[in-house]
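**Q** Structure of the sequence below:
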Amino acid sequence: MRFADNARLRPVAHAFVTLSPVPRKAALVFIFLVVLIDVLAFGLIIPVLPHLVQEFVGGDTSTAAYWTGLFAFAFSLVQFFSAPIQGALSDRYGRRPVILVSCLGLGLDFIFMALAPNLAWLFVGRIISAATSASFTTANAYIADVTAPEQRAKSFGMIGAAFGLGFIVGPLVGGVLGDIDHRLPFWFAAGLALLNFCYGLFVLPESLPEEKRTPAFDWTHAKPMGGVKMLREYPQIWGLVAVVFIANFAHYVYPSTFVLFADAAYGWKEKQAGYVLAVVGVLSVIVNVLLIGRVVKALGERRALMFGLACGTLGFLVYGLAGTGWMFMLGLPISALWAIAAPATQALITRQVPADAQGRIQGSMSSLVSLAGIFAPAVFAGAFGFFIGPHAPLRLPGVAFLIAALMLAIAAFVAWRFTDAAHLPAQAAPAADKPEAEPAG
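**A** Next up, the predicted model:
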């Protein structure tokens, strides 16, 4: 029996747990919208949240920078713990209720933040937003439930497309709306999330049958550090893992400081900042779609990795030292080529890990990226706030980008050191087939 026929026979009280043996195409569209709206909601408030914080602290940019860093730190910390908890809850109670509650909570929380009367209430709202928006894990699990193995890459590509589209449109729309009123992007994001929740009530069937669910909620599956600890089993990739961590740490300079930096350095307000962030997103899509495959094929993975890190380093140097807005814009196409480094790094890592451990290694690295997101905002926002404050030895608004450039230079050195022939054997054998190490000599 199809979902549409089955649903009419069930009580309204079971709306959150409707099962479907054959999920409809509309359900996959909904999952795409879940991720898109999560990313849009994040992007919508990037141009306005720092300025709203600035209003609450009396207009002081240096103090606002410290608070913005604290907001970003708390957001990443909560997501670090809430994402695996959501995943474990979906294994126990099904994907549908977790996804729908996440959408509902996100919508209500944006209303809460739109009405926040002071900094403390805005901070509480941001914490709730972090917990309710950590739905990517469940969305990926839903796709794995309802698609055949040969179709999953295409479906996961849909999730990647949602990320790219959200980070282009979100800051652009948020900047335009924020130029009218700092609270307006929050109301807009709330409307999107609540509409998505209402849509999901009618089109999203459950993808995980009861017989395949865990019998009880298992806290061991909700430990975020479990994946990071697994990396100890593969010392041959530690150098490349360090490159991944450092590069992602450096990337957090954008959400941590860009909006306040653009205002302090060039007088760019919400609308201008949103336009620039949208250009960053467009350039990133162009590089990912048109250039990465060609460059990696032409240069090879190792040289493509080094080229990407070099472009990122140079781009951040331009950002940090640019004295005018047009000079800053010159760095955008250069730093966009940094995107070549990530897939080259992933390809090199997959060579050194057996096939039966690839999924766990990718999950472990995702946990490591989350760790970078916890600590990076404090470093970048703190440095920016100090170097535009009254006690700075010199006024240097671009200091955070200079720190990011230094980190990418370190990542390039580590990559050069750990990707030579001595550190990269041809291919890892499956775990069960690895030969024992021969004695030296």
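**Q** which ones are touching residue 338?
**A** 308-309, 311-312, 315, 408 (Cβ atoms under 8 Å, 6 or more residues apart in numbering). C-betas here are computed from N, CA, C, even on glycine.
**Q** And for residue 131?
**A** 78-79, 82, 105.
**Q** With respect to residue 123, which of the residues you listed is nearest?
**A** residue 78 (11.4 Å; Cβ to Cβ).
**Q** and the closest residue to that closest one other than its chain neighbours, how far is that from residue 74?
**A** Spatial nearest neighbour of residue 78, excluding adjacent residues (Cβ to Cβ, 6 or more residues apart in numbering): residue 130 at 3.8 Å. As judged by Cβ to Cβ, to the nearest Å, residue 130 and residue 74 stand 7 Å apart.
**Q** Check residue 97 too.
**A** Separation of residue 97 from residue 74 (Cβ to Cβ) stands at 26 Å.
**Q** cool, and residue 368?
**A** For residue 368 relative to residue 74 (Cβ to Cβ), the value is 19 Å.
**Q** With residue 400 instead?
**A** Counting by Cβ to Cβ - residue 400 and residue 74 are separated by 19 Å.
**Q** now residue 179
**A** 27 Å.
**Q** Show the secondary-structure elements that the host helix or strand of residue 87 is packed against.
**A** If you go by DSSP states H and E, residue 87 is part of helix 61-93. Contact here means 3 or more Cβ pairs under 8 Å, 6 or more residues apart in numbering; DSSP states H and E; on that basis helix 61-93 packs against helix 49-56, helix 95-114, helix 119-132, helix 136-146, helix 253-266, helix 358-387.
**Q** Comparing residue 400 and residue 74, which residue is more hemmed in?
**A** Legend: neighbour count by other Cβ atoms under 10 Å for residue 400 and residue 74, higher for residue 400 (32 against 17).
**Q** got the phi/psi numbers for that one?
**A** Backbone torsions of residue 400, given as degrees, to the nearest 10, read phi -60, psi -40.
**Q** what's the closest of the helices and strands packed on helix 61-93 to residue 301?
**A** Short answer: helix 358-387, nearest of the helices and strands packed on helix 61-93 by Cβ to Cβ, at 16.3 Å.
**Q** for the record, mean pLDDT for the closest one?
**A** Mean pLDDT, helix 358-387: 77.
**Q** Distance check, residue 236 against residue 345.
**A** 14 Å.
**Q** And the two? Which one has more around it.
**A** Legend: neighbour count by other Cβ under 10 Å for residue 236 and residue 345, higher for residue 345 (26 against 15).
**Q** The more buried one touches residue 244, doesn't it?
**A** Yes - the criterion here is Cβ atoms under 8 Å, and residue 345 meets it with residue 244 at 5.9 Å.
**Q** List the buried residues for whichever strand or helix holds residue 241?
**A** Element membership for residue 241 (DSSP H and E) is helix 238-251. By neighbour count on 16 or more other Cβ atoms under 10 Å, the buried set for helix 238-251 is 239-251.
**Q** Over to stretch 313-323?
**A** 313-320, 322.
**Q** Need the residues that contact that stretch.
**A** Applying Cβ under 8 Å, 6+ apart, the set of residues contacting stretch 313-323 is 250, 253, 265, 327-328, 330-332, 334-338, 398-402, 404-405, 408-409, 412.
**Q** among those, which ones are buried?
**A** 250, 253, 265, 328, 331-332, 334-338, 398-402, 404-405, 408-409, 412.
**Q** Surely the residue nearest to residue 78 and residue 80 touch.
**A** No - contact criterion Cβ under 8 Å: residue 130 and residue 80 do not qualify, at 9.2 Å.
**Q** got any residues that touch both of those two?
**A** Contacts common to residue 130 and residue 80, judged by Cβ under 8 Å, 6+ apart, are absent.
**Q** So if I had to pick from those two, which one is more boxed in?
**A** residue 130 (22 against 19).
**Q** Please tell me how far the more buried one sits from residue 251.
**A** For residue 130, the distance to residue 251 - Cβ to Cβ - is 18 Å.
**Q** ok, now which ones touch residue 405?
**A** Contacts of residue 405 (Cβ under 8 Å, 6+ apart): 250, 312-314, 316-317, 320.
**Q** One more: residue 163?
**A** Contacts of residue 163 (Cβ under 8 Å, 6+ apart): 35, 39.
**Q** That one is in what secondary structure piece?
**A** If you go by DSSP H and E, residue 163 is part of helix 149-180.
**Q** Could you check the angle the very next helix or strand once past that helix makes with helix 49-56?
**A** Note on helix 149-180: by DSSP H and E, the next helix or strand toward the C-terminus is helix 184-203. If you take axes from the mean of the first three to the mean of the last three Cα atoms, to 10 degrees, helix 184-203 sits at 130 degrees to helix 49-56.
**Q** Can you list the neighbours in contact with helix 184-203?
**A** Counting by Cβ under 8 Å, 6+ apart, 15, 24, 26-27, 29-30, 33-34, 37, 40-41, 44-45, 47-48, 99-100, 103-104, 106-111, 113-114, 173-174, 177-178 sit against helix 184-203.
**Q** again, only this time at 7 Å
**A** Outside helix 184-203, the residues that touch it by Cβ atoms under 7 Å, 6 or more residues apart in numbering are 15, 24, 26-27, 30, 33-34, 37, 40-41, 44-45, 48, 99-100, 103-104, 106-107, 110-111, 113-114, 174, 177-178.
**Q** Could you pull out the buried residues of that helix?
**A** Going by 16+ other Cβ under 10 Å, helix 184-203 has these buried residues: 184-190, 192-194, 196-197, 199-201, 203.
**Q** likewise stretch 290-309?
**A** For stretch 290-309, by 16+ other Cβ under 10 Å, it's 292, 295-296, 299, 301-302, 304-309.
**Q** circling back: name the nearest of the buried residues of helix 184-203 relative to residue 372.
**A** Nearest to residue 372 among these: residue 189, at 25.1 Å, using Cβ to Cβ.
**Q** how near is the closest one to residue 31?
**A** In terms of Cβ to Cβ, residue 189 sits 19 Å off from residue 31.
**Q** What sits closest to residue 172 if chain neighbours are left out?
**A** Of all residues not flanking residue 172 in the chain, residue 278 sits nearest, at 4.0 Å (Cβ to Cβ, 6+ apart).
**Q** contact partners of stretch 385-403?
**A** So stretch 385-403 is contacted by 61-62, 65-66, 253, 256-257, 261, 264-265, 316, 319-322, 379-380, 383-384 (Cβ under 7 Å, 6+ apart).
**Q** mind redoing it with 6 Å?
**A** 62, 65-66, 253, 257, 261, 264-265, 316, 319-320, 380, 383-384 (Cβ atoms under 6 Å, 6 or more residues apart in numbering).
**Q** While we're on residue 5, how confident is the model there?
**A** 40.
**Q** and residue 118, how many neighbours?
**A** With other Cβ under 10 Å as criterion, residue 118 counts 8.
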